[in-house]
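*Asks:* Kindly return the folded structure for what I paste below:
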Amino acid sequence: MFSKRIYATWFIVHFFLLMAVCSAGIFSLIAQGSTVLPSALDKYARGGEVMAAFVLGKEGAASSPVRQGIATYLHAAGIQAGYSFFAPNIPDYHKLTLELYYEDGHVEYESPHVFGRATALRLDSLLGRLADNRYEPLREVVVKMVAFSIWRERPDVKKIRATFGAVNLPGISNFEHGEAETFQPMFSYDFSLREEEKQ
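*Replies:* Below is the predicted model of the structure:
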């Protein structure tokens, strides 16, 4: 009988924490205006988000044993991310555009080619990592390897300019008004392939 009470108590606490995590995620999305719900609900969603954060101990100091205990349990149980982890919000993504300069003066634009879903996922992950400042020393090397793979397919290319940047998607209300995605360049490299070939 005693063990049934322990299991029941554990289930109630677990379910309560799970609901708090999910509520925090949903309230956060509503407060940011990432849903189709009216903007009048934003202030209520912010209040709900603060309440859920309080329940999860996130309002306490980082050294608080209650906060650390709840965080440890959430991660151990695998419930630290609620619905917002799977929500239909498209994350930011990055794009690598290659400008191909030919001997005759014309320019073509290419993106890295991939074959298969697994390769596309790896390329997307690689581009996401290149945006991180920790990978700055590797950026030029990786981009140069991609440029050379394109050059092998088109040996008459004289120079390649590789431009890497973030693609910013419009919010729901902006999308409804016809706003398109925008490209914000972060860095670019020029590769003079003829000189590289001579070396």
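*Asks:* Touching, residue 147 and residue 163? I think so.
*Replies:* No - using C-beta atoms under 8 Å, residue 147 is not in contact with residue 163, being 11.2 Å away. Just so you know, the C-beta spots here come from the backbone N, C-alpha and C atoms, and that holds for glycine as well.
*Asks:* quick one: which of these two has more around it?
*Replies:* More neighbours surround residue 147 than the other of residue 147 and residue 163, with 25 against 18 (other C-beta atoms under 10 Å).
*Asks:* show me where this protein has helices.
*Replies:* In the chain, the helices defined using DSSP state H lie at 2-31, 42-55, 65-77, 83-86, 117-130, 136-153, 172-176, 193-198.
*Asks:* Dump these into TSV; add distance to residue 96 and mean pLDDT as well.
*Replies:* TSV is the format used below for those (distance: least, C-beta to C-beta, whole Å; pLDDT from 0 to 100):
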stretch	distance to residue 96	mean pLDDT
helix 2-31	30	85
helix 42-55	36	86
helix 65-77	34	84
helix 83-86	27	54
helix 117-130	6	80
helix 136-153	7	84
helix 172-176	24	75
helix 193-198	17	54
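*Asks:* closest to residue 109 out of those?
*Replies:* Closest approach to residue 109 among the helices of the chain is made by helix 136-153 (11.1 Å; C-beta to C-beta).
*Asks:* Quick check: buried residues in that closest one?
*Replies:* 139, 142-144, 146-147, 150-151 (16 or more other C-beta atoms under 10 Å).
*Asks:* number of nearby residues for the nearest residue to residue 161 once chain neighbours are set aside?
*Replies:* Leaving aside its chain neighbours, residue 161 sits nearest to residue 99 (4.2 Å; criterion: C-beta to C-beta, 6 or more residues apart in numbering). Here the number of neighbours of residue 99 (other C-beta under 10 Å) works out to 16.
*Asks:* got it, and residue 19?
*Replies:* For residue 19, using other C-beta under 10 Å, the count is 14.
*Asks:* got a list of what the closest residue to residue 128 other than its chain neighbours touches?
*Replies:* Once flanking residues are discounted, residue 128 sits nearest to residue 94: 6.0 Å by C-beta to C-beta, 6+ apart. Contacts of residue 94 were listed using C-beta atoms under 8 Å, 6 or more residues apart in numbering, and they are 127-128, 130-131, 164-167, 186.
*Asks:* could you redo these as CSV and give each row distance to residue 18?
*Replies:* Converted to CSV, the contacts of residue 94 look like this (distance: C-beta to C-beta, whole Å):
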residue, distance to residue 18
127, 34
128, 29
130, 36
131, 33
164, 39
165, 39
166, 34
167, 34
186, 38
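*Asks:* Perfect, I'm done here.
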